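**Student:** pasting the structure only:
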């Protein structure tokens, strides 16, 4: 095998590795979680998801103004326009409590329990 | 680039240790009076420790523009002040990776020094990029978080002397932090390995490396305010393989983090050299490779 072929193969492997790092949730089926936002509150305030599975959070905003679904521990943020639905994709999670909130409304809090 | 030695004119400063102690004391008493932090939002830890970098990588899809200035002040003699400012854009493309890049601006105000030419200049300094990978993530059951980072940098102006050079640096760090008390008290640890090559018109090619680490504490006094202190120990080598030790130093000082709004914050830190040595020089402090004081001021806006 020539040195040029080796170099090309090394670069391809490095690129595949980098793409893999950017896509940690693989092709595993995701658990779906639904949250509604109305009158400045998340309903339900606590939702559940299984361990080690990617999670898709459907956030339905029934209020007349936009919200920003955000979570430091989930490491996601998503602006959901008034009276519409946003989808938030989350990696497979370890057991624990993951808090989320509306970044535009300090009183709107919720939590995802993974167990 | 490592300058040559200077005669002594002053002894070791101890102000930084006193400020660290005062900071910790004020933090403790104020914290005891403050409200219950369990109702506070979780905080991003990347910038709460001053020069020590926390493990945070931001939120997926988040972008940030930043102006981050580090100033270095005081050598053995004369007048020495140098700054380097990062004009930075950072973004988080996934829940495990953060990427940053930007340009460098530098200023040098040097006069009356034995081995550095006097100069008063401001210049475009070069560029950098940083790649951060979250290796261990914090959960409600695991207070430890660890991020691995590499930061290649190209400089056209020497950090120390301000002279025109071609400098290539590859900073590698481990950024770890621990949430000691939920939403209240955080500890940060950095490990650093920073090899670099500098090419100059007059002195040829120089290879060197800095190796060391830091420990920091930050207490959250209010939802948008943290104060703390940090200690850095750094060793300098005239070889990237860490085989030619030339000196080391211990720096310490207070840190401050203020979040103005949910999308805008600042961080500030000051370190003073409290101990140091240069190989072959009996004088106190290491002022050949390091400086008496350094300060950091960073403003960031997220969107």
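**Tutor:** Everything's here; your move. Everything numeric in this text was worked out from a predicted model, so none of it was measured. Residues are numbered from 1 along each chain as shown, chains lettered A, B, ... in the order given.
**Student:** Tally up the residues packed near residue 52, please.
**Tutor:** Looking at chain A here, since you left the chain open. 11 (other C-beta atoms under 10 Å in any protein chain shown). Every residue, glycine included, has its C-beta placed from N, CA and C.
**Student:** Let me rephrase: I mean chain B.
**Tutor:** 28.
**Student:** Just checking: what are the partner strands of the lengthiest strand in chain A?
**Tutor:** The longest strand of chain A (DSSP state E) is strand A:105-114. Here strand A:105-114 is paired, per DSSP bridges, with strand A:46-49 (parallel), strand A:96-102 (antiparallel).
**Student:** Tell me the spacing between the residue of the stretch 201-303 of chain B found nearest chain A and residue B:150.
**Tutor:** For the stretch 201-303 of chain B and chain A, the shortest gap (C-beta to the nearest C-beta) falls at residue B:262, measuring 5.3 Å. Separation of residue B:262 from residue B:150 (C-beta to C-beta, to the nearest Å) stands at 30 Å.
**Student:** got it, and residue A:30?
**Tutor:** 31 Å.
**Student:** likewise residue B:65?
**Tutor:** When residue B:65 is compared with residue B:150 (using C-beta to C-beta), they lie 22 Å apart.
**Student:** now do residue B:89
**Tutor:** Remark: distance between residue B:89 and residue B:150 (C-beta to C-beta) = 17 Å.
**Student:** And for residue A:90?
**Tutor:** 26 Å.
**Student:** what about the two, which has more around it?
**Tutor:** Using other C-beta under 10 Å as the criterion, residue A:90 and residue B:150 rank with residue A:90 on top: 24 against 13.
**Student:** Show the pLDDT at that one.
**Tutor:** On pLDDT, residue A:90 comes in at 97.
**Student:** Could you pull up the residues touching it?
**Tutor:** A:25, A:54, A:55, A:56, A:57, A:74, A:76, B:95 (C-beta atoms under 8 Å, 6 or more residues apart in numbering or on different chains).
**Student:** thought the fifth one was touching residue A:93?
**Tutor:** No: if you go by C-beta atoms under 8 Å, residue A:57 and residue A:93 don't touch, sitting 11.2 Å apart.
**Student:** Give me the common contacts of these two.
**Tutor:** Taking C-beta under 8 Å, 6+ apart as the contact rule, residue A:57 and residue A:93 both touch residue A:112.
**Student:** which residues touch residue B:199?
**Tutor:** So residue B:199 contacts B:165, B:166, B:167, B:205, B:206 (C-beta under 8 Å, 6+ apart).
**Student:** For the spatially most central residue of chain A, give me phi and psi.
**Tutor:** Computing the C-alpha centroid of chain A and ranking residues by C-alpha atoms, centre = their mean puts residue A:90 first, at 2.7 Å. Main-chain torsions, residue A:90, degrees, to the nearest 10: phi -120, psi 140.
**Student:** cool, residue B:39 as well?
**Tutor:** Main-chain torsions, residue B:39, degrees, to the nearest 10: phi -90, psi -10.
**Student:** and the residue nearest to the centre of chain A, bridged to which residues?
**Tutor:** As for beta bridges, residue A:90 partners with residue A:55 under DSSP bridges.
**Student:** low-scoring stretches of chain A, by residue?
**Tutor:** Residues of chain A meeting the criterion pLDDT under 70: A:1-27.
**Student:** Try it again at 80.
**Tutor:** A:1-28 (pLDDT under 80).
**Student:** can you give me the strands for it?
**Tutor:** With DSSP E as the criterion, chain A has strands spanning A:31-38, A:41-43, A:46-49, A:55-61, A:67-71, A:76-80, A:84-90, A:96-102, A:105-114.
**Student:** Let me know which of those is tucked in deepest.
**Tutor:** With neighbours taken as mean count of other C-beta atoms under 10 Å in any protein chain shown, the strands of chain A reach their highest mean count in strand A:67-71, at a mean of 22.
**Student:** That one vs strand A:31-38, what angle?
**Tutor:** 140 degrees (axes from the mean of the first three to the mean of the last three C-alpha atoms, to 10 degrees).
**Student:** Strand A:67-71 and chain B, are they touching?
**Tutor:** Yes: against chain B, strand A:67-71 shows contacts by C-beta under 8 Å from any C-beta of the partner chain at A:70, A:71.
**Student:** to the chain's geometric centre, what's the distance from that strand?
**Tutor:** 11 Å (C-alpha atoms, centre = their mean, to the nearest Å).
**Student:** quick check: angle from it to strand A:76-80?
**Tutor:** Going by the same axes, to 10 degrees, strand A:67-71 is angled at 170 degrees with respect to strand A:76-80.
**Student:** Identify the residues contacting strand A:67-71?
**Tutor:** By C-beta under 8 Å, 6+ apart, strand A:67-71 touches A:37, A:57, A:59, A:61, A:76-80, A:86, A:88, A:98-105, A:108, A:112, B:59.
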